[in-house]
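Trainee: structure of the sequence below:
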Amino acid sequence: MAKNHHLFKFLFVFTLWLYLHTHSHSVKAGTLSANRTKLKHIYSQEIGTREKSNRNDGSQVESYLKYTGHNKGAPWCSAFVSWCLGQAAINNPRTAWSPALLPAKRIIWKNTWQKEKTQPQAGDVFGIWYASKKRIAHCGFIDAWGESIVITVEGNTNEAGSREGDGVYRKRRLKRTLYAVADWITERKEGI
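Mentor: Numbers count the residues shown, from 1 in each chain. Sure thing, here's the model as predicted:
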């Protein structure tokens with residue numbers, strides 16, 4: 001029985017890997033713009049940052065919040081995104097308010113169950129809608145865009161299956177759970 005259980009786990013993981021590998025529309029590293037490559041490096045370096053006492057605190061978390069004019073204790077997913085954009089010298093609203101990172105003029109993909117016209121890339125910002133708050137209430141970076149699964153890097157979130165405190169993690173999300181994706185890297189004539 002134990003052998004069958006391990007075989008099933010192996011086959012499941014292998015099938016998932018094969019699916020992601022063959023159906024992924026992620027951007028090849030050689031085709032990323034210099035700004036996207038820099039931003040990806042910056043947010044990837046932050047993976048593993050954790051809150052000190054599970055109260056939206058800790059020296060690095062407080063650096064993200066300070067960048068947006070907030071103190072420890074405030075929710076920080078948006079502050080993390082803004083801080084990373086700022087470190088990459090990408091103009092942004094320096095905000096800890098998730099909806100501000102997904103303004104209509106920057107949206108390149110919206111979950112309307114239609115095929116995307118513009119494929120999100122590494123460094124684009126995703127938002128998740130919370131019905132209880134009637135707004136976008138969480139955001140992070142797209143790291144790889146697949147047909148149905150998206151790899152993200154996001155702050156103020158938990159690692160899947162972990163009881164550890166919030167931190168910066170690389171996660172797998174179903175594309176259908178995202179509300180919208182915004183592009184802060186491509187220059188816009190109308191400013192931020």
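Trainee: which is the next helix or strand following the helix or strand hosting residue 170?
Mentor: Using DSSP states H and E, residue 170 falls within strand 167-174. Tracing the chain C-terminally past strand 167-174 and defining elements by DSSP H and E, one meets strand 180-182 next.
Trainee: identify the residues contacting that next one?
Mentor: For strand 180-182, contacts defined as Cβ atoms under 8 Å, 6 or more residues apart in numbering pick out 101-103, 106-111, 120, 124-127, 136, 142. Yep, even glycine has a C-beta here, placed from its N, CA and C like the rest.
Trainee: closest to residue 94 among these?
Mentor: Nearest to residue 94, judged by Cβ to Cβ, of those is residue 101 at 10.2 Å.
Trainee: and the closest one, what does it touch?
Mentor: So residue 101 contacts 78, 81, 82, 92, 93, 95, 125, 127, 139, 182, 184 (Cβ under 8 Å, 6+ apart).
Trainee: pLDDT score for it?
Mentor: We note a pLDDT of 98 for residue 101 in this prediction.
Trainee: run through the helices of this protein in chain order.
Mentor: Counting by DSSP state H, the chain has these helices, from start to end: 2-23, 34-45, 59-67, 77-87.
Trainee: in terms of mean pLDDT, which of these ranks lowest?
Mentor: Among these, helix 2-23 carries the lowest mean pLDDT (a mean of 48).
Trainee: tell me what the biggest strand by length in the chain is packed against?
Mentor: Ranked by residue count, the top strand of the chain under DSSP state E comes out as strand 135-145. Applying 3 or more Cβ pairs under 8 Å, 6 or more residues apart in numbering; DSSP states H and E, one finds that strand 135-145 contacts helix 34-45, helix 77-87, strand 125-130, strand 149-157.
Trainee: go again using 6 Å as the cut-off
Mentor: Here strand 135-145 touches helix 77-87, strand 125-130, strand 149-157, going by 3 or more Cβ pairs under 6 Å, 6 or more residues apart in numbering; DSSP states H and E.
Trainee: contacts for the last one?
Mentor: Right, the one you point to is strand 149-157. 43, 75-77, 80, 140-141, 143-144, 166, 168-173, 175 (Cβ atoms under 6 Å, 6 or more residues apart in numbering).
Trainee: same check on the first one?
Mentor: Outside of helix 77-87, the residues that reach it under the criterion Cβ under 6 Å, 6+ apart are 42-43, 64-65, 67-68, 92, 94-98, 101, 125, 138-139, 155-156, 184.
Trainee: ditto for the shortest one
Mentor: Applying Cβ under 6 Å, 6+ apart, the external contacts of strand 125-130 come out as 81, 101-102, 136-139, 142, 178-182.
Trainee: that's all I had, so thanks and see you.
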